[in-house]
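>>> need the 3D shape of this:
(one chain, ligands or ions: 1)
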Amino acid sequence: MPDPTRTIEPVSTEPVTSAPVAFLKGHGTENDFVIVPDPDNALDLPADVVARLCDRRAGIGGDGLLHVVRSAAHPEARDMAGEADWFMDYRNADGSVAEMCGNGVRVFARYLQHAGHLTAGDVAVATRGGVKRVHLAKNGDVTVSMGRARLPEDGVTVTVGGRSWPARNVNMGNPHAVAFVEDLDHAGDLSTEPPYSPAAVYPDGVNIEFVADRGPRHVAMRVHERGAAETRSCGTGACAVAVAAARRDGADPAGTGTPVTYTVDVLGGTLVITEHPDGEIEMTGPAVIVAEGRVDPAWFASAPVRTPC
Ligand SMILES: N[C@H](CCC[C@H](N)C(=O)O)C(=O)O
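Okay, the predicted model is just below:
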């Protein structure tokens with residue numbers, strides 16, 4: 001599980017703000033998020049409040065929360081304000097902080113468009129994993145320049161139900177372990193984290209992807225996400241899977257000099273990942289705003305803290 005020190009400590013000791021909190025719900029290939037617009041970074045969103053909002057029974061429900069803040073108003077994004085007006089302060093369902101969320105940044109850009117903050121179809125979004133450029137196409141597709149993958153040498157072995165697989169270490173700003181399996185059912189019940197070793201390879205926890213082939217440059221995946229459990233999709237995970245598959249298939253674009261594209265089926269839809277010879281990775285997929293509403297201040301102040309399911 002992720003290191004608890006990775007959560008956001010309360011900004012102040014004052015009780016959580018009682019101001020009604022506007023929220024929206026959105027998803028990208030059914031990886032769903034609570035969106036909390038807060039341009040001036042005025043809300044106090046410590047880990048337990050995020051977990052309450054993401055709780056699927058007692059709260060709004062989501063795999064994570066997108067805190068929408070102007071870059072100039074957040075200490076972790078001020079130095080990116082010249083390049084990107086908005087900062088995606090991403091939190092997992094358990095309240096832990098993650099460096100990057102691929103599906104989340106597509107939904108974040110869709111929210112900016114929905115809220116009238118965009119004048120064009122292109123936007124730069126500041127994230128803990130750097131500034132990401134997003135293109136919102138007229139056909140509904142959203143393409144993110146995800147940057148380059150890092151491929152640390154050290155890997156782990158993942159074990160489920162008496163079967164073990166080597167897992168490729170791929171970092172997309174956040175950590176991933178990619179295991180190629182014969183059948184996605186071999187991943188078993190991913191409501192809990194599959195055991196892996198050595199744990200020291202991922203001191204802050206890891207997202208674990210299981211991948212099966214579906215055809216030439218076509219794979220399917222399931223994922224246990226750090227700080228959330230099994231999700232219907234993981235954008236950074238799909239990028240990590242495409243990078244690992246290209247290395248397995250001898251199609252590393254740096255070596256061949258030509259871009260390589262993989263279609264990655266996730267439980268909630270399909271993502272298309274292209275890696276270019278310079279290492280830049282583009283991810284294309286949908287992003288949907290489902291609803292908007294307001295959190296009842298009385299609930300906000302009184303909701304019991306529950307560990308996310
Ligand atoms: N659970 C991930 C963050 C969300 C990643 C995923 N939802 C995506 O679309 O990339 C982590 O702790 O690194």
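
>>> who touches whatever helix or strand residue 107 lives in?
Assigned by DSSP states H and E, residue 107 belongs to helix 102-114. The contact list for helix 102-114, computed with C-beta atoms under 8 Å, 6 or more residues apart in numbering, reads 24, 26-29, 31, 33, 35, 37, 64, 66, 68, 86, 88, 90, 118, 123, 125, 127, 132, 134, 136, 142, 144, 146, 172, 233-239, 283, 285-289. Using the backbone N, CA and C atoms, a C-beta is placed for each residue, glycine as well.

>>> now a PyMOL select for only the buried ones of those.
Per 16 or more other C-beta atoms under 10 Å, the buried members of the contacts of helix 102-114 correspond to this PyMOL selection:
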select buried, resi 24+26+27+28+29+31+33+35+37+64+66+68+86+88+90+118+123+125+127+132+134+136+142+144+146+172+233+234+235+236+237+238+239+283+285+286+287+288+289
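
>>> would you map the strands across the stretch 151-300 of the chain?
For the stretch 151-300 of the chain, the strands defined by DSSP state E, counting those that start in this stretch occupy 156-160, 163-171, 175-180, 196-197, 207-215, 218-225, 229-231, 260-266, 269-275, 281-285, 288-295.

>>> okay, buried residues for the last one please.
For strand 288-295, a neighbour-count test (16+ other C-beta under 10 Å) marks 288-289, 295 as buried.

>>> now swap in the first one and tell me
Within strand 156-160, the residues that qualify as buried by neighbour count (16+ other C-beta under 10 Å) are 156, 158, 160.

>>> what helices or strands is that strand leaning on?
strand 163-171, strand 175-180, strand 196-197 (3 or more C-beta pairs under 8 Å, 6 or more residues apart in numbering; DSSP states H and E).

>>> and the ones you listed, which is most packed in?
strand 175-180 (a mean of 26; mean count of other C-beta atoms under 10 Å).

>>> residue 73: neighbour count?
16 (other C-beta atoms under 10 Å).

>>> what residues are up against it?
So, once contact is read as C-beta under 8 Å, 6+ apart, residue 73 ends up touching 39-41.

>>> if we use 10 Å, what do you get?
38-42, 81, 86-87 (C-beta atoms under 10 Å, 6 or more residues apart in numbering).

>>> out of those, which is nearest to residue 186?
The nearest member of those to residue 186, counting by C-beta to C-beta, is residue 87 at 39.1 Å.

>>> helix, strand or coil: sort out residue 25 for me.
Of the three states, residue 25 takes strand under DSSP: H, G, I helix; E, B strand; the rest coil.

>>> could you give the average pLDDT over stretch 156-166?
The average pLDDT within stretch 156-166 is 96.

>>> residues making contact with that stretch?
So stretch 156-166 is contacted by 155, 167-169, 177-182, 185-190, 193-202, 206, 208-211, 224 (C-beta under 10 Å, 6+ apart).

>>> if we go to 6 Å?
If you take C-beta atoms under 6 Å, 6 or more residues apart in numbering as the criterion, stretch 156-166 is touched by 155, 167, 177, 179, 186-188, 194-197, 201.

>>> rewinding a little: buried only: go through the contacts of residue 73 for me.
38, 41, 81, 86-87.

>>> any stretches of the protein with poor pLDDT?
1-20, 302-309 (pLDDT under 70).

>>> near the ligand, which residues of it are found?
Residues of the chain found near the ligand (C-beta under 6 Å from any ligand atom) are 31, 63-64, 92, 98, 101-104, 174, 207, 225-228, 234-237.
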